[in-house]
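Chemist: after the sequence you'll find the predicted model.
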Amino acid sequence: MAEYNKRPVVFALSNPVSQAECTFEEAIEGTNGAVLYASGSPFDKVEFHGKKYEPGQGNNLYIFPALGLGAILARVKTVSSRLLEKTGESCTDFDPLLIHRSRKRWFMLVHKVSPIR
């Protein structure tokens, strides 16, 4: 991917870690540190050429807490496929570049969980 893209994006979302499409370390090494990476499972930080890299986690972490809270507050009895679809679509409206600029770490795809809580 790095042959065709300056900043390749890799979403290794399969769980568990042993089933991920590639590890964070493989993605860093394979792109000379240029990858924008998110996984479905947590991976350890990687040090490559003297620089430390921290992987992102990009699974359902951002959708289900909001969906659950919304369902509780709205007192819905059933979470329909359409409601689930609309929740996912609303996450696509989120512009990660705004976070990149605000956190001065443009390689991050999404916020860490702790500031969201």
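Modeler: Thanks, I have the structure now.

Chemist: tell me the contacts of residue 54?
Modeler: With contact set as CB atoms under 8 Å, 6 or more residues apart in numbering, residue 54 has these partners: residue 45. C-beta here means a position set from N, CA and C on the backbone, and glycine is covered the same way.

Chemist: next one: it from residue 75, what distance?
Modeler: Using CB to CB, to the nearest Å, residue 54 is found at 39 Å from residue 75.

Chemist: how about residue 35, nearest residue that isn't a chain neighbour?
Modeler: Distances taken as CB to CB, 6 or more residues apart in numbering put residue 27 closest to residue 35, at 4.4 Å, once the chain neighbours are dropped.

Chemist: looks to me like the one you found is in a strand.
Modeler: No. Per DSSP: H, G, I helix; E, B strand; the rest coil, residue 27 lies outside any strand segment and is helix.

Chemist: confidence score at residue 72?
Modeler: pLDDT, residue 72: 87.
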